[in-house]
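Student: A predicted structure for the sequence below; I have some questions about it.
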Amino acid sequence: MTVFVETDFLIALVKDSDWLKQRAETVLEERAVVTSPFSYLELLIIRERHEYDYVRLFANMLELVPVRTDDERQIVLKAVHYYEEGMTPFDSFHAALAETHGLPILSSDTAYEAVGPDRLPLEPDTSE
């Protein structure tokens, strides 16, 4: 049976020592597990408090704890790339989601102009 896991499961696997680590490793051996891109977003946010090699970690974790669809996998991989390019965790996931779904992003944040989706300005046109 496949079970859905959330961020505490990922953290237990990632940390060297965690009170849930043994149980998480046992579940990983006994069951198929999946998670959502939101768990990876949360892991990226936590990364800001604890320095670790998130690019390699995410690549490895996506093999151990996959997301449900290829689109979701692309969202996570693109978001990590955008984060590496300097975007915030949330903006990187917004950009990756919009790009993966082929949608422009309506925002006043000009950071989106440096990445995949087209940015439609939310701010009023002051040239008139």
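Tutor: Received the coordinates, thanks.

Student: output the lowest mean pLDDT helix or strand found in this protein.
Tutor: When the helices and strands of the chain are scored by mean pLDDT, DSSP states H and E, helix 54-64 comes last with a mean of 84.

Student: for it, buried residues please.
Tutor: For helix 54-64, the neighbour count (16 or more other C-beta atoms under 10 Å) marks 54, 57, 58, 61, 62 as buried. (Each C-beta comes from the backbone N, C-alpha and C, glycine too.)

Student: residues contacting the second one?
Tutor: Residue 57 makes contact with 14, 43 under the criterion C-beta atoms under 8 Å, 6 or more residues apart in numbering.

Student: helices of this structure, start to end?
Tutor: With DSSP state H as the criterion, the chain has helices at 7-14, 21-30, 37-47, 54-64, 70-84, 89-100.

Student: tell me the angle of the least confident helix or strand of the chain relative to helix 7-14?
Tutor: 110 degrees (axes from the mean of the first three to the mean of the last three C-alpha atoms, to 10 degrees).

Student: now do helix 54-64: distance to the chain's middle.
Tutor: The chain centre lies 11 Å from the centre of helix 54-64; the measure is C-alpha atoms, centre = their mean, to the nearest Å.

Student: export it as PDB, just CAs?
Tutor: Written as PDB, here are the backbone C-alpha positions of helix 54-64 (Å, rounded to 0.1, in the frame of the first residue of the first chain):
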ATOM      1  CA  TYR A  54      19.900  21.100  -0.800                       C
ATOM      2  CA  VAL A  55      20.500  20.400  -4.600                       C
ATOM      3  CA  ARG A  56      22.000  17.000  -4.000                       C
ATOM      4  CA  LEU A  57      19.600  16.300  -1.100                       C
ATOM      5  CA  PHE A  58      16.500  17.000  -3.200                       C
ATOM      6  CA  ALA A  59      17.800  14.900  -6.100                       C
ATOM      7  CA  ASN A  60      18.300  12.000  -3.700                       C
ATOM      8  CA  MET A  61      15.100  12.500  -1.800                       C
ATOM      9  CA  LEU A  62      13.000  12.600  -4.900                       C
ATOM     10  CA  GLU A  63      14.200   9.100  -5.600                       C
ATOM     11  CA  LEU A  64      13.400   7.900  -2.100                       C
END
